[in-house]
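Colleague: predicted coordinates and the sequence they were generated for:
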Amino acid sequence: MKRNVIYALVIVVIALVYSACGKESTKRYKDESFPDSLEVFNRTIACGDHTPGSFPSKTWTCANISVDGNRLAFGYSDISIGECTDTKGKHEFMTLCKEMLKQIDIYNPIWSVYVPKPTCKKDLNKRAILVKKGKKYIWEDKEPGKGYVLILQCMIQI
C-alpha cells in the first residue's frame, strides 16, 4: 500500500514538473529594435535595422551599432587567440544594455546580454568602448584595430 502511494506521488510530481517546464519553454518573443539614436553617458549610440529573431524573454536589438559614428570595440581576454585582444575582454555590455533600455523606459533587470555578431576584422577608424573607472562608467576611444561589435542584444527578465 505504501509503495503504491509513493509511486502515485512520484508520478504526480513528475507530471507537475513536466507541465511547468513545458509552459515556460514554449513562450517566445520576437525581439524589438532599439531606436535609431540613443544617448548613453554623453555619447550617441546609433542602431540600424535587423531581422527579428525569437527569444525566451523580451529582447531589444541594436544592429550595426556605433558610438558617435565609430564601432563599439570588442575583444577577447585570452591573448593565445592572437588577435582581437586589445580590449583584454573588458566590456561593460551589461551596463550599456541597461542604459540603452532606460532610454526607452525599460527598467526590468537584465537577464542576458548577447553579442551574436562580433568580428575580429580590422577597423581602420577609431573604436569606442565603455569601461568602468572607479565608480563611474566612461567611454574610451581605441585606436584602429581588430575587433568590434556588429549586433548587441539585451534580454530582460519579465
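Modeller: Sure, I can see it.
Colleague: in the sheet, who's paired with the residue sitting nearest the centre point of the chain?
Modeller: Within the chain, the residue whose C-alpha comes closest to the C-alpha centroid is Val113; the distance, by CA atoms, centre = their mean, is 2.0 Å. Each beta-bridge partner of Val113 is listed here: Cys154, as defined by DSSP bridges.
Colleague: ok, it - contacts?
Modeller: Val113 sits next to 93-94, 97, 152-155 when contact means CB atoms under 8 Å, 6 or more residues apart in numbering. In this view, the C-beta of every residue, glycine as well, is placed from N, C-alpha and C.
Colleague: check Asp141 too.
Modeller: Applying CB under 8 Å, 6+ apart, one finds that Asp141 lies in contact with 70, 126-128.
Colleague: so can I have JSON lines of those showing distance to Lys142, neighbour count and pLDDT?
Modeller: Supplementary listing: the contacts of Asp141 in JSON lines, determined by distance: CB to CB, whole Å; neighbours: other CB atoms under 10 Å; pLDDT from 0 to 100:
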{"residue": "Asn70", "distance to Lys142": "9", "neighbour count": "19", "pLDDT": "96"}
{"residue": "Lys126", "distance to Lys142": "6", "neighbour count": "16", "pLDDT": "95"}
{"residue": "Arg127", "distance to Lys142": "4", "neighbour count": "25", "pLDDT": "95"}
{"residue": "Ala128", "distance to Lys142": "7", "neighbour count": "20", "pLDDT": "96"}
